[in-house]
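pasting the sequence and the predicted model now:
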Amino acid sequence: MKSSSPSPVITIAEQPGCLLVMFHGIQVAASARALVLLEANYPSVYYVPREDIDEKYFARTDHTSYCPYKGDASYFSLQVPGHEGANAVWSYEDPKVSVEQIRGYMAFYPDQVKFELLDAEV
């Protein structure tokens, strides 16, 4: 049976300033081009361009998920000496047209990493 509930409103905006992503005290990403995705009934999610991550800390996993509004997500674990964040990062590598802006971006579970936002003036 098809759901008659409407699609959630998803908005994507540029995040001002520079977003740092830390995992156990190690900077795994830094971007002045981060996006923030807002979806009804969910906390906001930061998306960082793949070019702005430090790939040596990321390991692709076999885990996947599907969102009817964004598409298929691929997952990555974060690995730093002494710590692993299993499936802590995801990416919609072929997102739905309505969220095309997040193509080539990575998102992080906030319970796995710490975010620090530096003022655009810095």
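Yep, it's here.

wait, L78 sits on Q112?
Yes - with contact defined as CB atoms under 8 Å, L78 reaches Q112; the gap is 6.9 Å. From N, CA and C alone the C-beta is placed, and that goes for glycine too.

any idea how far Q112 is from E14?
As judged by CB to CB, to the nearest Å, E14 and Q112 stand 24 Å apart.

give the bridge partners for E84, please.
For E84, the beta-bridge partners under DSSP bridges are Q79.

just the strands from this structure, written as ranges.
10-14, 18-23, 26-31, 35-39, 45-49, 58-67, 71-80, 83-91, 105-108, 114-118 (DSSP state E).

closest to V97 out of those?
Comparing the strands of the chain by their distance to V97 (CB to CB), the top pick is strand 71-80, with 9.5 Å.

average pLDDT for that closest one?
Averaging pLDDT along strand 71-80 gives 98.
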